[in-house]
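Enquirer: give me a 3D structure for the following:
(2 chains)
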Number of protein chains: 2
Amino acid sequence: MPPNTDGTAGTGDRSVIAKLFTLLSAFSSARAALTLSEIAHRSGLAMTTVHRLVGELTERGVLERGSDRRYRVGLALFEIAALAPRGPGLREVALPYMEDLYEVTRENVQLGVRADEEVVFVERLAGRASVGVRTRIGGRFPMPPTGVGLVLLAHAPPEVRQRVLATPLHRYTSHTLTDPERLRRVLADVRRDGFAVSDRQVTSDALSVAAPVLDGSGAVVAALSVVLRFGSVRPSSLAPAVRMAARGISRALTSAPDSTGGPLSG
Amino acid sequence: MPPNTDGTAGTGDRSVIAKLFTLLSAFSSARAALTLSEIAHRSGLAMTTVHRLVGELTERGVLERGSDRRYRVGLALFEIAALAPRGPGLREVALPYMEDLYEVTRENVQLGVRADEEVVFVERLAGRASVGVRTRIGGRFPMPPTGVGLVLLAHAPPEVRQRVLATPLHRYTSHTLTDPERLRRVLADVRRDGFAVSDRQVTSDALSVAAPVLDGSGAVVAALSVVLRFGSVRPSSLAPAVRMAARGISRALTSAPDSTGGPLSG
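Expert: Below is the predicted model of the structure:
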């Protein structure tokens, strides 16, 4: 965005909106319920500012105050966010195919999209017997160690791939790929094979098999994966089912093109 | 909230936040992708204001610009909204029980919470063969005609129930209850029986069976329903399964008390 050039009113808006999102960033999955002073402490905003903003946000339902006097993210934000085409919109189109894949495999079925240089998980179906996973709906995760991320990274613009490969890669397990050259070859394989396998790269007992979801223009807009316990099934035997489900979602997106919002610019 | 009494700075914040939510309210499920001038037209905000706010919101990922030059609600809002305990937090706890209920019934399974005098649907699992429904995740609906809404209304604070009963009730089908006295008796039955049946009140081919979800304090924080095609199954035969699933969710909430954020004040 060009710098703001329309004087103090614009600068003021900018600062209020910055404060608003700074305030909201005080909430996390580990800290979902906060008192006023915890919000001030975690956001670094002045208590008077927090008091005023929280009051207005509560009135709008963006925050909700519990009987324990703590504030939580409210339903009003959920209602607006439900309109995000790359979030709930995509999920709505994908759900029947995800359910089929879940019924066939009985494993975690995950759907993710790329946000900057990370994956955001949009949906996850998990059975009670499925292996534990570290992902969370609405949560971010680095691309390289996950199956969904490998697919998204393989099909990301070259400059995104270069930035990710130029950043030191975190080692989650002894199986995590951290050598950029090796990762580059894996990504080429993903493009050639039409699916990705991440083998115990996030947790030492799980692997995932992922395939790309395309929109009507042929752009990769999401990735679908199954996460299963290492040793339970040969990953390559699951690839056809994952690819079938991903193709089903792609076909459904083509007939409902507004669902992903089209390829993002930039 | 008390009126803002701290002078112009606060008033300015208030007006910027009001503009922000006015701008976001231009987006709807029917109009999920808008140009700058459509946003201005639908929000009633000045084009210069829209241009400036949209620029900043796009930079933050709150809006996303597609290659078609239209803006859509972005993933950043989805990521924050994923922390809402009464939205995705509740859904996470409820999902395994909803999946069980879906597998047993093969019908739409819905989870809703009360927001003011309406239901907001938090989750819906729908099979390909399920009857069509008019609800949408993150969407609002009046309480009286839906099974989930009857449960939430039956257990709402008396003043909420009085306001809803004092408002003229929209007739969706010839079966919609619109007589407040009859509705009042139905709500008393819901409290006595522990479940609600809404018979063809929203669409003339569907009915729903709903049961309350309670938190650790015994407060009704959500309702769970199955929506099925009229004539396919006797509703009363499904009530035990719906109540079992709702009790399962209630028990899970009690061991994860932060998931609903506790009873709302007020």
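
Enquirer: next, residue A:101: phi, psi?
Expert: phi -70, psi -40 (degrees, to the nearest 10).

Enquirer: so it touches residue A:109, yeah?
Expert: Yes: the criterion here is CB atoms under 8 Å, and residue A:101 meets it with residue A:109 at 4.9 Å. All C-beta spots, glycine's among them, are computed from the backbone N, C-alpha and C.

Enquirer: now the common contact residues for those two.
Expert: Common contacts of residue A:101 and residue A:109 (CB atoms under 8 Å, 6 or more residues apart in numbering or on different chains): A:224, A:226, A:245.

Enquirer: how about the second one, secondary structure?
Expert: At residue A:226, secondary structure determined by DSSP: H, G, I helix; E, B strand; the rest coil is strand.

Enquirer: for residue A:248, same thing?
Expert: Secondary structure, three-state DSSP: residue A:248 is helix.

Enquirer: how close does it sit to chain B?
Expert: Residue A:248 sits 11 Å away from chain B when distances are taken as CB to the nearest CB, to the nearest Å.

Enquirer: mind showing which ranges of the stretch 151-266 of chain A have poor pLDDT?
Expert: Scanning the stretch 151-266 of chain A for pLDDT under 70 picks out A:256-266.

Enquirer: confirm residue A:137 sits in a helix?
Expert: No: Residue A:137 is assigned coil when assessed by three-state DSSP, not a helix.

Enquirer: that one reaches residue A:126, doesn't it?
Expert: No: between residue A:137 and residue A:126 there is no contact under CB under 8 Å: 10.4 Å.

Enquirer: OK, contacts around residue A:20?
Expert: Residues in contact with residue A:20, defined by CB under 8 Å, 6+ apart, are A:53, A:57, B:17, B:20.

Enquirer: return the member of those residues nearest to residue A:254.
Expert: Among the contacts of residue A:20, residue B:20 lies closest to residue A:254 (CB to CB), at 33.9 Å.

Enquirer: quick revisit: how about the shared contacts of residue A:101 and residue A:109 in a markdown table, adding distance to residue A:142?
Expert: Formatted as a markdown table, the shared contacts of residue A:101 and residue A:109 follow (distance: CB to CB, whole Å):
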| residue | distance to residue A:142 |
| --- | --- |
| A:224 | 18 |
| A:226 | 20 |
| A:245 | 24 |
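
Enquirer: could those residues be laid out in JSON lines, adding distance to chain B?
Expert: Converted to JSON lines, those look like this (distance: CB to the nearest CB, whole Å):
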{"residue": "A:224", "distance to chain B": "17"}
{"residue": "A:226", "distance to chain B": "16"}
{"residue": "A:245", "distance to chain B": "13"}
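
Enquirer: select only the buried ones of these in PyMOL?
Expert: Restricted to buried positions by 16 or more other CB atoms under 10 Å in any protein chain shown, the PyMOL selection for the shared contacts of residue A:101 and residue A:109 reads:
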select buried, chain A and resi 224+226+245
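
Enquirer: can you tell me if stretch A:24-40 touches chain B.
Expert: Yes: using CB under 8 Å from any CB of the partner chain, stretch A:24-40 comes into contact with chain B via A:24, A:27-29, A:32-33.

Enquirer: roughly how far out does that stretch sit from the chain middle?
Expert: Its chain's average C-alpha position is 21 Å from that of stretch A:24-40, according to CA atoms, centre = their mean, to the nearest Å.

Enquirer: tell me which of the contacts of residue A:20 fall in helices.
Expert: Of the positions in those, A:53, A:57, B:17, B:20 sit in helices, assigned by DSSP state H.

Enquirer: roughly how far apart are residue A:94 and residue B:100?
Expert: 21 Å (CB to CB, to the nearest Å).

Enquirer: tell me, how many residues neighbour the closest residue to residue A:224 other than its chain neighbours?
Expert: Leaving aside its sequence neighbours, residue A:224 sits nearest to residue A:246 (CB to CB, 6 or more residues apart in numbering or on different chains; 4.5 Å). Residue crowding around residue A:246 was assessed by other CB atoms under 10 Å in any protein chain shown; the count is 27.

Enquirer: what of residue A:77?
Expert: 25.

Enquirer: which non-adjacent residue is nearest it?
Expert: Of all residues not flanking residue A:77 in the chain, residue B:81 sits nearest, at 4.4 Å (CB to CB, 6+ apart).

Enquirer: these two touch, right, the one you found and residue A:76?
Expert: No: taking contacts as CB under 8 Å, residue B:81 lies outside contact range of residue A:76: 9.0 Å.

Enquirer: which of the two has more residues huddled nearby?
Expert: residue B:81 (28 against 22).

Enquirer: OK, contacts around that one?
Expert: If you count contacts by CB under 8 Å, 6+ apart, residue B:81 has them with A:73, A:77-78, A:80-82, A:138, B:87-88.

Enquirer: re the thing from before, and the residue nearest to residue A:77, how close does it get to residue B:196?
Expert: Note on residue B:81: its distance to residue B:196, by CB to CB, is 28 Å.

Enquirer: now swap in residue A:97 and tell me
Expert: According to CB to CB, residue A:97 and residue B:196 sit 32 Å apart.

Enquirer: what does residue A:90 give?
Expert: Taking CB to CB, one finds residue A:90 at 32 Å from residue B:196.

Enquirer: between these two, which one's more packed in?
Expert: A direct count of neighbours by other CB under 10 Å for residue A:90 and residue B:196 places residue B:196 higher, at 29 against 26.

Enquirer: so where does the spatially closest residue to the more buried one that is not a sequence neighbour fall, helix or strand?
Expert: In space, residue B:196 comes closest to residue B:150 once its chain neighbours are excluded; the distance is 3.8 Å by CB to CB, 6+ apart. In the assignment (DSSP states H and E), residue B:150 maps to helix B:147-154.
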